[in-house]
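build me a model:
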Amino acid sequence: MPHPIMFRDDDPGLPELRRLALGFPEAIEKISWGRPVFSARKMFAIYGGNSKAAGEVVSHPHALLVKVEESERRALEQDPRFFYPMYMGPFGWLGLDFDAAAVDWDEVRELVDASFRLAAPPRLIRCLDGA
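Numbering: from 1, shown residues only. Below is the predicted model of the structure:
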């Protein structure tokens, strides 16, 4: 049974994230788990997610999930805009809730770039650096 679609194309931040993510070499968008997922062979960004707080599921419908370097994780976790996403968190991912504060698109670009570099094959990273 497919997951229900959990976004609209005009959701806050999705058009901007879509333009940014699809600008990376060979990036594609597909729908997985009912959400937009951006990948270049492997996933590097997801729009929307969930976390758990006090045993309750908390929805973050307007958020960015990215893979982060372990060395960056502790600092980012101290920022209240970030959350530990269910299912993806144990695999090195964090979420940035777009509804928590004004979105800094330069920061989002840096997060997506770092996530792309963790997920993409070396050939695509060379392509990115040569562009």
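
give me the neighbour count for R109.
R109 has 15 neighbouring residues, counting by other C-beta atoms under 10 Å. The C-beta positions use only the backbone N, C-alpha and C, and glycine is treated the same way.

I'd say it and L20 touch.
Yes. With contact defined as C-beta atoms under 8 Å, R109 reaches L20; the gap is 5.9 Å.

who are the packing partners of the longest helix along the chain?
Of all segments of type helix in the chain, defined using DSSP state H, the longest is helix 105-119. With contacts taken as 3 or more C-beta pairs under 8 Å, 6 or more residues apart in numbering; DSSP states H and E, helix 105-119 sits against helix 14-21, strand 35-40, strand 42-53, strand 56-67, helix 122-130.

got the angle for the first one vs strand 35-40?
Think helix 14-21. 10 degrees (axes from the mean of the first three to the mean of the last three C-alpha atoms, to 10 degrees).

quick one: distance of helix 14-21 to the chain centre.
Put simply, helix 14-21 sits 11 Å off its chain's centre (C-alpha atoms, centre = their mean, to the nearest Å).

so it versus helix 105-119, what angle?
50 degrees.

got phi/psi on Q78?
Taking degrees, to the nearest 10, you get phi -80, psi -20 for the backbone angles of Q78.

pull the number of nearby residues for it.
Neighbour tally, Q78, other C-beta under 10 Å: 8.

and A54, by the same measure?
Counted with other C-beta under 10 Å, A54 comes out at 5.

of the helices and strands packed on helix 105-119, which is nearest Q78?
Proximity of the helices and strands packed on helix 105-119 to Q78 was assessed by C-beta to C-beta; the nearest stretch is strand 42-53, lying at 15.6 Å.

could the helices and strands packed on helix 105-119 go into JSON lines alongside mean pLDDT?
JSON lines is the format used below for the helices and strands packed on helix 105-119 (pLDDT from 0 to 100):
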{"stretch": "helix 14-21", "mean pLDDT": "98"}
{"stretch": "strand 35-40", "mean pLDDT": "98"}
{"stretch": "strand 42-53", "mean pLDDT": "96"}
{"stretch": "strand 56-67", "mean pLDDT": "97"}
{"stretch": "helix 122-130", "mean pLDDT": "96"}
